[in-house]
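Engineer: got a sequence here, can you build the structure:
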Amino acid sequence: MREKFDEKLNQLFNSLIEMGALVEKSISDASAALVGQDVELARKIIASDDEIDEKEREVEGLCLKLILQQQPVAGDLRLISAVLKIITDLERIGDQASDIARITLRLAGKQYIKKLEHIPQMAQATMKMVTKSVDAFVKKDLHLAQEVIACDDTVDKLFIVIKQELIELITKNRDNGEQAIDLIMIAKYFERIGDHATNVAEWVVFLLTGLHKDSNIMG
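Structural biologist: Next comes the predicted model:
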């Protein structure tokens with residue numbers, strides 16, 4: 001019985017890794033589409049969100065089958081509950097990459113009011129956070145999860161820099177206002193992606209320690 005359970009767990013891990021890879025690609029593509037004003041790529045990102053949603057349903061179905069068919073013990077239930085939380089955050093990251101792509105479509109053909117420097121840096125930082133958080137889960141690596149949580153400060157600081165720069169541009173010329181607000185929204189979506197990657201890492205901490213930062217949940 002345990003051998004069959006472990007086989008299903010391995011399938012679950014592989015599906016979660018695939019979902020993480022899809023999400024990471026969406027973040028990377030969202031940044032590339034924005035910087036390159038690539039309309040076709042932006043549309044592909046929006047279309048690919050369905051694939052991420054489908055992968056979430058697949059992982060959720062595997063979790064439910066493990067609960068209903070394999071009679072997991074307490075430690076296994078904690079793992080499954082962590083996975084269910086993690087895929088929710090990954091799905092939301094996919095949504096936010098799509099939101100960035102939609103704004104990119106709106107900005108297509110317009111000259112940017114400033115060179116995009118810090119937004120791609122935010123994208124790169126959040127991609128690393130997503131990759132490391134999923135790796136931390138698969139490898140059951142507490143130190144790696146804690147690294148991800150610490151990285152969130154870097155993303156938050158970049159958002160503050162971007163916001164201040166764009167507000168300054170609006171102050172100098174109100175004609176910059178509409179695009180500046182769009183770019184601030186994009187930066188905000190990347191900040192939220194960082195928050196969701198942090199959530200994933202915090203659920204890894206919960207899995208490994210039985211403790212979660214924002215709750216009284218005990219394993």
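Engineer: next, the contact list for the most centrally placed residue in the chain, please.
Structural biologist: With the centre of the chain defined as its mean C-alpha position, the nearest residue by C-alpha atoms, centre = their mean is Ile93, 3.7 Å away. Contacts were defined as C-beta atoms under 8 Å, 6 or more residues apart in numbering; by that measure Ile93 touches 23, 26-27, 130, 193, 196-197. From N, CA and C alone the C-beta is placed, and that goes for glycine too.
Engineer: kindly provide the distance from it to Gly75.
Structural biologist: Going from Ile93 to Gly75 by C-beta to C-beta, to the nearest Å gives 27 Å.
Engineer: swap in Ser28?
Structural biologist: Counting by C-beta to C-beta, the gap from Ser28 to Gly75 is 35 Å.
Engineer: for these two, indicate the residue with more neighbours.
Structural biologist: The residue with more neighbours, out of Ser28 and Gly75 and counting by other C-beta atoms under 10 Å, is Ser28; that gives 16 against 11.
Engineer: number of nearby residues for the nearest residue to the more buried one once chain neighbours are set aside?
Structural biologist: Distances taken as C-beta to C-beta, 6 or more residues apart in numbering put Met127 closest to Ser28, at 5.9 Å, once the chain neighbours are dropped. When neighbours are defined as other C-beta under 10 Å, Met127 has 21 of them.
Engineer: ok so, going back, show only the entries of the contacts of Ile93 found in strands.
Structural biologist: In strands, judged by DSSP state E, none of the contacts of Ile93 are found.
Engineer: that's all I had, so thanks and see you.
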